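> here are the coordinates; sequence isn't available:
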């Protein structure tokens, strides 16, 4: 009888945990789409992550943690009235979500952080190269720290040549760790139509 009672208690506990997991459906979906830095995927070791895969990083200055998810890419020969110096803008949308209880911000190139585009031939293109800074898209222009419990969208633009399509998006976080995403050479992602409309001006 004692053994049967113990088994019954274990089953009840397992059912209770399953019920709790169901109530956290959104959170579990977030976790399944996020790679862990300890797994090495997309981090300082391992293969680049695919577009749409999130990665938890350390915020600027070591403050907080920030999940970054590059979600869509569009290649454009202009952004409203602005044209790229090298012939093409590569515009990538990024979903930023703090995973800590405190606000977190992306790092910036001025602090040896931020984003880079690594072309197939290995050439690195920065956010400030060419005319990339002229690309500003409403709805994808969040800046500064992001409060815990909120989500912000940003657009990261790079001024590249046509031969530099299909590069690797590289991010360096607040602890100097680098993360990589392989970006398709064609327009990709669920926000392509929206991005094209905004880029048309």
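That came in fine, so what should we check first? Keep in mind that what you see is a predicted model, and the values were worked out from it rather than measured.
> how long is stretch 166-182 end to end?
End-to-end distance for stretch 166-182: 7 Å, by CA to CA, to the nearest Å.
> doesn't residue 195 make contact with residue 137?
Yes. If you go by CB atoms under 8 Å, residue 137 and residue 195 touch, sitting 7.1 Å apart. Every C-beta, even on glycine, is put in place using the N, C-alpha and C of the backbone.
> what is in contact with those two at once?
Residues touching both residue 137 and residue 195 (CB atoms under 8 Å, 6 or more residues apart in numbering): 91, 155.
> Would you point out the helix or strand in the chain whose mean pLDDT is lowest?
Counting by mean pLDDT, DSSP states H and E, the chain has its least confident helix or strand at helix 25-32, which shows a mean of 33.
> how much space between the closest residue to residue 80 other than its chain neighbours and residue 135?
In space, and not counting its chain neighbours, residue 80 is closest to residue 201: 3.4 Å by CB to CB, 6 or more residues apart in numbering. With distances taken as CB to CB, to the nearest Å, residue 201 is found 11 Å from residue 135.
> Show me where this protein has its strands.
34-35, 49-50, 54-58, 65-76, 88-98, 114-118, 124-126, 152-160, 168-172, 178-182 (DSSP state E).
> Got the domain ranges for this structure?
1-32, 38-200 (automatic domain parsing).
> how about CSV for these, with mean neighbour count added?
Shown next, in CSV, are the domains of the chain (neighbours: other CB atoms under 10 Å):
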stretch, mean neighbour count
domain 1-32, 10
domain 38-200, 18
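> Pick out the shakiest of those domains, pLDDT-wise.
If you rank the domains of the chain by mean pLDDT, domain 1-32 sits at the bottom with a mean of 35.
> Residue 148 versus the nearest residue to residue 115 once chain neighbours are set aside, what's the distance?
Nearest residue to residue 115 in three dimensions, chain neighbours excluded: residue 156, at 4.9 Å (CB to CB, 6+ apart). To residue 148, residue 156 is 22 Å away according to CB to CB.
> isn't residue 78 right up against residue 198?
No. If you go by CB under 8 Å, residue 78 and residue 198 don't touch, sitting 12.0 Å apart.
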